[in-house]
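Enquirer: 3D, please:
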Amino acid sequence: MSWTDERVETLKKMWGEGQSASQIAKELGGVTRNAVIGKVHRLGLSNRAGAVGAAPTKTAPKEKPEVAAKPAAKPAPKAKAAPAAPAKEELELDENGIPISAARRAIIPAGQPLPPQPSANEISPEALAKVNEIEKTAKRISLMELTEKTCKWPVGDPATDDFWFCGLAVQQGKPYCEAHVGVAFQPMSSRRDRRR
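Expert: Predicted coordinates:
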């Protein structure tokens, strides 16, 4: 659809009469409401000069309550903000003055030992021995060297230079090598037995 001179004149006339963009689009045919709005703005018609009598009476009452509502709405958040301020003071703040959430508190800084992992106790000694042997021969690749054919088992603390990925050939359909699959994916029955 192209904007011919005739279609533009129809648009200007209908817009000046106070017709909506949807009504104009329907009348013109082959054009969307958004296309009409875009053309109105490009033509600089958005003030609806022809509908002076109708438009101000419709919008003026709406604007007055909105203007009156805005000052009334502003004190309410201030009232809510006042009680919230002491709550922020109760929170622990970091060196930049940002409150430390429970999730941030759970993050362990680099170089500090990790807490004991519950899954480490559930892994069989044979699987751990196999992983220790495999990790001695691992390729020790970086994140940028990972592919769909390399084992993605992370080793070490990601915040240190000592961090690496296994990098050995993956088991078919799994993200890890055979040894790491033995640790990561355990049969359901053995997990169920350990819980009892």
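
Enquirer: What's the mean pLDDT across stretch 168-185?
Expert: Averaged across stretch 168-185, pLDDT comes to 88.

Enquirer: before we move on, what about stretch 96-104?
Expert: On average, stretch 96-104 scores 71.

Enquirer: how about the nearest residue to Gly156 once chain neighbours are set aside, what does it touch?
Expert: The spatial neighbour of Gly156 that comes closest, neighbours along the chain excluded (Cβ to Cβ, 6 or more residues apart in numbering), is Phe163 at 4.2 Å. For every residue, glycine as well, the C-beta is placed using N, CA and C. By Cβ atoms under 8 Å, 6 or more residues apart in numbering, Phe163 lies in contact with 154-157.

Enquirer: which residues of this protein fall in strands?
Expert: Per DSSP state E, the chain carries strands over the ranges 154-155, 164-165.

Enquirer: Which other helices and strands does the last one contact?
Expert: By that I understand strand 164-165. Applying 3 or more Cβ pairs under 8 Å, 6 or more residues apart in numbering; DSSP states H and E, we find strand 164-165 packed against strand 154-155.

Enquirer: Identify the residues contacting the strand it packs on?
Expert: 135, 138, 140, 163-166.

Enquirer: Using CSV, lay out the contacts of Phe163 together with pLDDT and distance to Ala127.
Expert: Formatted as CSV, those follow (pLDDT from 0 to 100; distance: Cβ to Cβ, whole Å):
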residue, pLDDT, distance to Ala127
Pro154, 92, 17
Val155, 89, 15
Gly156, 88, 19
Asp157, 88, 22
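
Enquirer: Right, I'll call it a day here.
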